[in-house]
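Participant: Provide a 3D model corresponding to the input given below.
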Amino acid sequence: NPRGTASLLKDSISFTDVSASGLYEGHDLLRRGFTSVKNELLPSHPLELTEKNFQLNQDKTNFATLRNIQGIHAPLKLQMEFRAVKQVQRLPFLHSSNMAMDILRGNDESIGFEDILNDPSQSEIMGEPHMMMEHKLGLL
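Facilitator: Have a look, this model is predicted:
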C-alpha cells in the first residue's frame, strides 16, 4: 500500500531534514561547522545565561531609560534604526564589522576583546563564495 508507506515515512522522517542535507548525507561542515557536544549542553554556571544575553538586557535597560526620560518616541526611533541597520548586509562570505550598529549602541569609541582577536584574515568560516551565495539564495 503506497499510501500507508508514505504515512509511515512522514511520521518517522521529518521532511526538513531530508531536504536540508539529504537522507543519507553526513554532517555538512561547510554550512554548519564542526559538531560539538558543548553546544548542546545546558549552561554550567548560573551567570552563563546572563552573559549570553548581556547585549539584549543592556538594550532593554537603555530603551526603558530613554522612555522614562524622553518619552515613547525615542526608543521607537532607535529600534527602527536598529532594524534598518540589521537589514543592510554584506555578501555572506565577506567579513562585516557592523560599524553602524556599534555607532547606534555607542560602542564605536571603546576597544574590546572582539576588536583585537577578531581578525578576518584568521577566520575559519571563509568558504567558497559561489557555494555560499547559492545557499543564501536557496539554490542548493
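
Participant: For residue 110, grab the count of nearby residues.
Facilitator: Per other CB atoms under 10 Å, the neighbour tally for residue 110 reads 9. C-beta coordinates here come from the backbone N, C-alpha and C atoms, glycine included.

Participant: and stretch 68-88, which residues are buried?
Facilitator: For stretch 68-88, a neighbour-count test (16 or more other CB atoms under 10 Å) marks 74, 75, 78, 85 as buried.

Participant: Give me the contact list for the helix or strand hosting residue 86.
Facilitator: Here residue 86, judged by DSSP states H and E, is contained in helix 73-87. Here helix 73-87 makes contact (CB atoms under 8 Å, 6 or more residues apart in numbering) with 62, 63, 64, 66, 67, 98, 100, 101, 104.

Participant: C-alpha coordinates for it, PDB please?
Facilitator: Extracted in PDB, the C-alpha atoms of helix 73-87 (Å, rounded to 0.1, in the frame of the first residue of the first chain):
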ATOM      1  CA  HIS A  73       9.300  58.200  20.600                       C
ATOM      2  CA  ALA A  74      13.000  57.900  21.500                       C
ATOM      3  CA  PRO A  75      13.100  54.100  21.900                       C
ATOM      4  CA  LEU A  76      10.800  53.500  19.000                       C
ATOM      5  CA  LYS A  77      13.100  55.600  16.700                       C
ATOM      6  CA  LEU A  78      16.100  53.800  18.000                       C
ATOM      7  CA  GLN A  79      14.500  50.400  17.400                       C
ATOM      8  CA  MET A  80      13.600  51.400  13.800                       C
ATOM      9  CA  GLU A  81      17.200  52.500  13.200                       C
ATOM     10  CA  PHE A  82      18.400  49.100  14.600                       C
ATOM     11  CA  ARG A  83      16.100  47.200  12.300                       C
ATOM     12  CA  ALA A  84      17.200  49.300   9.300                       C
ATOM     13  CA  VAL A  85      20.900  48.700  10.100                       C
ATOM     14  CA  LYS A  86      20.300  44.900  10.500                       C
ATOM     15  CA  GLN A  87      18.700  44.700   7.100                       C
END
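
Participant: low-scoring stretches of the chain, by residue?
Facilitator: Regions of the chain meeting the criterion pLDDT under 70 cover residues 1-27, 37-43, 119-126.
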